[in-house]
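**Student:** Quick one: sequence plus predicted model below, questions after.
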Amino acid sequence: MKPFKVVGTLRVPSRGNGTRSVPTTMRRGLSLLEVMLAIAILGLSLAVMGELVRLGVRAAAGARDLTKAQILCEGKMSELSAGVIPLEPMDQAPFDLDPDWTYSVAVGPIDQDGLLVAHVTVEQVIDAGQAPTTFTLSRWLIDPLLEQAQDEEMILGEDASSGMQSSSF
């Protein structure tokens, strides 16, 4: 029994001046070298895909943390601008509903009278050796002392004008 089946002839150049006919054969399987090469390519492909998946998961976690920091920071800035919490400096205060995050508030004057700049920084509380996610938001706010003085002037002005009106009747 022959191990290979002859399926045709192939004309190849010979060492002399002419060409010679070589029978072509049909193989029944793969050589050991081809199998080893295929396994090596598969292994490298799996290693590269595993690294890409790991990087994708890491980037998704970073994006999730940054989004959460931004939402918490915007919420705290809204509380400051609405007057729910006082417009005064704070350092590393934990959030009530999420103790894994802290916020800091820095307040300072700007060149424009009656305005203050408020910086709110939110930071993730994590183990040492890892880089925490931080997000800072800055906004100009009306000085609450100026608003209070204007309200008092309005009240005093209304009292004085109502007193005059009652005496003229």
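**Tutor:** Yep, it's here.

**Student:** What helices and strands are in contact with the lengthiest helix in the chain?
**Tutor:** The longest helix of the chain (DSSP state H) is helix 32-82. On a contact count with 3 or more C-beta pairs under 8 Å, 6 or more residues apart in numbering; DSSP states H and E, helix 32-82 meets strand 101-109, strand 115-124, strand 134-142. From N, CA and C alone the C-beta is placed, and that goes for glycine too.

**Student:** Buried residues of the last one, list them for me.
**Tutor:** Looking back up the chat, that one is strand 134-142. Neighbour-count burial for strand 134-142, with 16 or more other C-beta atoms under 10 Å as criterion, is recorded at 135, 137, 141.

**Student:** beta partners for the nearest residue to residue 92 once chain neighbours are set aside?
**Tutor:** In space, and not counting its chain neighbours, residue 92 is closest to residue 102: 4.7 Å by C-beta to C-beta, 6 or more residues apart in numbering. Residue 102 has these beta-bridge partners by DSSP bridges: residue 94, residue 123.

**Student:** can you pull the contacts of the most centrally placed residue in the chain?
**Tutor:** Using C-alpha atoms, centre = their mean, the residue of the chain that lies closest to the mean C-alpha position is residue 63, 2.6 Å off. By C-beta atoms under 8 Å, 6 or more residues apart in numbering, the contact set of residue 63 is empty.

**Student:** where does residue 111 land in three-state SS?
**Tutor:** Under DSSP: H, G, I helix; E, B strand; the rest coil, residue 111 falls in the coil class.

**Student:** sorry, back to before: what's the average pLDDT for the longest helix of the chain?
**Tutor:** The pLDDT scores in helix 32-82 average 95.

**Student:** what's the distance between that helix and the middle of its chain?
**Tutor:** Centroid separation between helix 32-82 and its chain, computed with C-alpha atoms, centre = their mean, to the nearest Å, is 11 Å.

**Student:** same question, stretch 115-124
**Tutor:** Relative to the centre of its chain, stretch 115-124 is centred 19 Å away, using C-alpha atoms, centre = their mean.

**Student:** now the longest helix of the chain and strand 134-142, what's the angle there?
**Tutor:** 20 degrees (axes from the mean of the first three to the mean of the last three C-alpha atoms, to 10 degrees).

**Student:** if we can go back for a sec, okay, now the residue nearest to residue 92: neighbour count?
**Tutor:** The local packing of residue 102 (other C-beta atoms under 10 Å) involves 20 other residues.
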